[in-house]
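Q: no sequence on hand, only this structure:
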């Protein structure tokens, strides 16, 4: 369907996975749509926008073939954004998805995955399709509307490839207070 | 791709179109993905949530083969939600998309399209695919994440049908203040 | 205490009061702190910001000697912002305080109170102290923090004048989910 | 004016002040209205609500005789919420006011000021009047409207005591987009 040529996403270099018992390699997730949220625990835009958005994605698409992963890409203040601090952060902020620690490459250097992907800061949102191709890499804020659209597109492609129907997206509960209902039958 | 059976959406009954020079029939839009936002101008949930969301959809998908339309389905307070009042509302709230007036059927009765579709109140969001089939009808609030996903899915189906590539969704401007950028090269 | 000279607020000209059985004149409210929210029902900034803020004020200060009143100052689109439409608006948006209709002075003319006060548009927030003096007149948005401060200042002055203690402001319910509580005694 | 009896606020026990060259004791601030925001850098409610609110207070009242101070009261996860981590946090979140570190009393024990005041968690907002009396101690979220009112009340008392006029609160810039202005003179 899509004739554009996309690059294969480079395998990430994760030192350790937190908030999960599993180890996730890019290779092992072939066939899945992957949302990788690269963040730092002391980056305000990550905490206020990107991580809550990734958690919403996880809630909505987590049962539908989309793998949501965090990646802690520390490129500054290495001394305080440690593994132990990250564990507390994940606990206190109730991050619901697995978080990988990007492998450090020395003080004042970028961690390995961050360098491989050429990320320019945090948050960086990365979308990888079922064929392992890098489909989006975005620094900064992105709207829920656009993100929902991009993820859904990759999900349709993935489901077509396996000749399955698109599984339904988990529907939210309706907020009863936000509509005007017909009070009595007008007939 | 999708083996589920969907009903054809009934043709709507619009008395007059505002905010446009055109007349839109469901029939004439075959091949397009349609988002129909049924609302009342004095329904708080419509004003605070549904119409701003439809405007965001219009901004993001309006150039990508999605037709966003409002439908003013007055089922209460007919005397004050008149065509003239609606015109002022559209102007003051800067509604960017065409708005149809659902044909009234008499005092204390549902307007015709509302009755045909079995809508239970406002806002009701309706999604129709490129084959004219009713794919979603939702009373009340829905999140941007889910709506973006649903619209995107229909858009992929439409584009596959015409053997075109998916046109890119219009990207938003990045909010510069919401990320942590690498200050100097760490290399 | 306050040596600055303030002007007396002009008596308002209200054609009819809605959402109440009483008639409010400025004269009859001497001794009270008055918040007058001038608005139009089809003014987006009034609907999204000013009226919800006035409702919060009413909830918090309504039992503490502050009188919160709306004033419908129609200066455009007179044909559709009628008394009947305003009644529906008050009902649908659940406006909790009395609303006066500013007396019209003819088509394309400002209503009487709006002209007397020299208001430049809507929303305009007006604060009047217990001596009937005009203490603030503000076009557009104002923050909750500033508004709470200004109203509280006038309330302290009013209570000092009557040699009463300041009645406590109605406290909000605490949102249980927004704090980190000590889990077990550390002692 | 106020006949209620209030307790004197206990002197706080601050190990070190950050984000300032000064040392602040409660004693040295007699005559000032004090807002003390007790927080932990990894407490979500502090980061999303309490600290931004304290920063707004600082912007609005900082020139009007109100002293806004943060207090880092670590009662859990002592190993990662260190002084060095706090410095990074203050920098990244652009905290504009001085922050004191509450003196630790040993692992799994409450820091000294937290214990003295009987705080039950974070965020805890503390208001102290110009006479050094504890006027409010609140765990969790509080609205801007209520907080503005409470601070303003204490400010009026302080200014009366010094026989000065109330200094004007710093006014915000008006958001031009949120009102309906009279387009042309209707006269």
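A: Nice, I can see it. Since we're looking at a predicted model, the values are computed, not measured. Numbering: from 1, shown residues only, chains lettered A, B, ... in the order given.

Q: in chain A, what helix or strand scores lowest on average pLDDT?
A: Every helix and strand in chain A was compared by mean pLDDT, DSSP states H and E; the lowest is strand A:180-181, with a mean of 81.

Q: how about that one against chain B, any contact?
A: Yes - Strand A:180-181 reaches chain B (Cβ under 8 Å from any Cβ of the partner chain) through A:180-181. (Each C-beta comes from the backbone N, C-alpha and C, glycine too.)

Q: can you map out the helices along chain A?
A: Under the criterion DSSP state H, chain A carries helices at the ranges A:44-45, A:51-61, A:83-92, A:112-117, A:144-161.

Q: neighbours around residue A:154, how many?
A: Look at residue A:154: counted by other Cβ atoms under 10 Å in any protein chain shown, it has 25 neighbours.

Q: check contacts around it.
A: Listed by Cβ atoms under 8 Å, 6 or more residues apart in numbering or on different chains, the contact partners of residue A:154 are A:33, A:127, A:129-130, A:135.

Q: likewise residue A:150?
A: Counting by Cβ under 8 Å, 6+ apart, residue A:150 makes contact with A:127, A:135-136, B:152, B:169.

Q: if we go to 6 Å?
A: Contacts for residue A:150 (Cβ atoms under 6 Å, 6 or more residues apart in numbering or on different chains) come out as A:127, A:136.

Q: thinking residue A:6 is in contact with residue A:136, fair?
A: No - at 10.0 Å, residue A:6 does not count as touching residue A:136 under the criterion of Cβ atoms under 6 Å.

Q: compare these two (neighbour count), which wins?
A: The neighbour count for residue A:6 versus residue A:136, taken as other Cβ under 10 Å, is higher for residue A:136 (19 against 14).

Q: show me what that one bridges to in the sheet.
A: residue A:127 (DSSP bridges).

Q: look at it and report its pLDDT.
A: pLDDT, residue A:136: 98.

Q: go on, the one 3 residues further on?
A: At residue A:139, the model reports a pLDDT of 97.

Q: how about the contacts made by the residue of chain A found nearest chain B?
A: Per Cβ to the nearest Cβ, the residue of chain A with the smallest distance to chain B is residue A:148, at 2.9 Å. With contacts defined as Cβ under 6 Å, 6+ apart, the neighbours of residue A:148 are B:145, B:148-149.

Q: quick check, nearest of the residues you listed to chain D?
A: Distances from chain D to the contacts of residue A:148, taken by Cβ to the nearest Cβ, are shortest for residue B:145, at 19.6 Å.

Q: so the closest one sits against residue A:146, correct?
A: No - counting by Cβ under 6 Å, residue B:145 sits too far from residue A:146 to count as a contact (9.9 Å).

Q: more neighbours, the two?
A: Per other Cβ under 10 Å, whichever of residue B:145 and residue A:146 has more neighbours is residue B:145, with 25 against 22.

Q: give me the neighbour count for residue A:106.
A: 9.

Q: I meant to write residue A:181 there.
A: Neighbour number of residue A:181 under other Cβ under 10 Å is 11.

Q: so how far is residue B:43 from the nearest residue to it once chain neighbours are set aside?
A: The shortest distance from residue A:181 to any residue other than its chain neighbours is 3.8 Å, reached at residue B:121 (Cβ to Cβ, 6 or more residues apart in numbering or on different chains). To residue B:43, residue B:121 is 8 Å away according to Cβ to Cβ, to the nearest Å.

Q: give me phi/psi at the nearest residue to residue A:115 once chain neighbours are set aside?
A: Using Cβ to Cβ, 6+ apart and skipping residues adjacent in sequence, the residue nearest residue A:115 is residue A:105, 7.1 Å away. Main-chain dihedrals, residue A:105, degrees, to the nearest 10: phi -130, psi 20.

Q: and for residue A:111?
A: The phi/psi pair for residue A:111 (degrees, to the nearest 10) reads phi -70, psi 160.

Q: ok, and the closest non-adjacent residue to it?
A: Using Cβ to Cβ, 6+ apart and skipping the chain neighbours, the partner closest in space to residue A:111 is residue A:102 (3.7 Å).

Q: for stretch A:49-61, buried residues please.
A: Buried positions in stretch A:49-61, judged by neighbour count with 16 or more other Cβ atoms under 10 Å in any protein chain shown: A:49-51, A:53-61.

Q: same thing with stretch A:25-45?
A: A:26, A:32-45.

Q: can you tell me which of these is closest to chain C?
A: The closest of the buried residues of stretch A:25-45 to chain C turns out to be residue A:41 (Cβ to the nearest Cβ; 16.2 Å).

Q: could you measure from that closest one over to residue B:31?
A: Look at residue A:41 and residue B:31: by Cβ to Cβ, they are 48 Å apart.

Q: just checking, residue A:116 touches residue A:11?
A: No - in this structure, residue A:116 is not within contact of residue A:11 by Cβ under 6 Å, at 8.2 Å.
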